[in-house]
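Engineer: Make a model of this:
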Amino acid sequence: MKRAIRLRKPGQFLRARREGRKWDTPLFTLQAVINRRRTTRCGFVVSKRIGIAVIRNRAKRRLREAVRLLYGQIAPGWDLVFIVRSPLVAEADFEQLSASVIQALQRAGVWRDSSPPDKH
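Structural biologist: A predicted model of the protein is given here:
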């Protein structure tokens with residue numbers, strides 16, 4: 001994902017945690033808060049409880065790629081934090097992971113059905 005659409009600073013993650021709402025899926029938790037920008041920014045968190053670094057990094061990469069492919073259909077003006085809750089993210093079928101991301105975004109009310117996905 002491009003740097004401009006990623007959350008990078010700890011304060012940005014904390015703001016989403018304090019002020020945002022949260023939606024749980026079996027694989028991850030989504031926290032969303034409105035921002036004052038024209039773009040949606042995404043952040044990804046994986047706890048050490050998930051496993052060794054190789055598994056944590058693989059889970060984060062796969063979730064980041066699923067969100068990147070769907071980014072064009074996410075409504076602008078949000079800060080989204082995806083928190084991996086299961087080591088199954090690293091091994092789950094990619095279509096299942098993408099479907100879970102779409103479901104969470106729809107529940108959060110940030111999903112747009114009108115446009116085709118934009119590849120970044």
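Engineer: Look up how far Pro87 lies from the spatially most distant residue from the centre of the chain.
Structural biologist: Largest separation from the mean C-alpha position in the chain: Ile52, at 20.9 Å (C-alpha atoms, centre = their mean). Separation of Ile52 from Pro87 (C-beta to C-beta, to the nearest Å): 10 Å. The C-beta positions use only the backbone N, C-alpha and C, and glycine is treated the same way.
Engineer: With Arg62 instead?
Structural biologist: Counting by C-beta to C-beta - Arg62 and Pro87 are separated by 11 Å.
Engineer: For Lys22, list each beta-bridge partner.
Structural biologist: Gln31 (DSSP bridges).
Engineer: Quick check: it touching Gln31?
Structural biologist: Yes. With contact defined as C-beta atoms under 8 Å, Lys22 reaches Gln31; the gap is 4.8 Å.
Engineer: Compare these two and say which is more crowded by neighbours.
Structural biologist: Gln31 (22 against 15; other C-beta atoms under 10 Å).
Engineer: wait, isn't that one in contact with Ile83?
Structural biologist: Yes. Using C-beta under 8 Å, Gln31 makes contact with Ile83 at a distance of 7.0 Å.
Engineer: element containing the residue lying closest to Leu30 once chain neighbours are set aside, please.
Structural biologist: Of all residues not flanking Leu30 in the chain, Ala104 sits nearest, at 4.3 Å (C-beta to C-beta, 6 or more residues apart in numbering). Taking DSSP states H and E as the definition, Ala104 sits inside helix 94-108.
Engineer: And that helix, what's buried?
Structural biologist: 97-98, 100-101, 104-105, 108 (16 or more other C-beta atoms under 10 Å).
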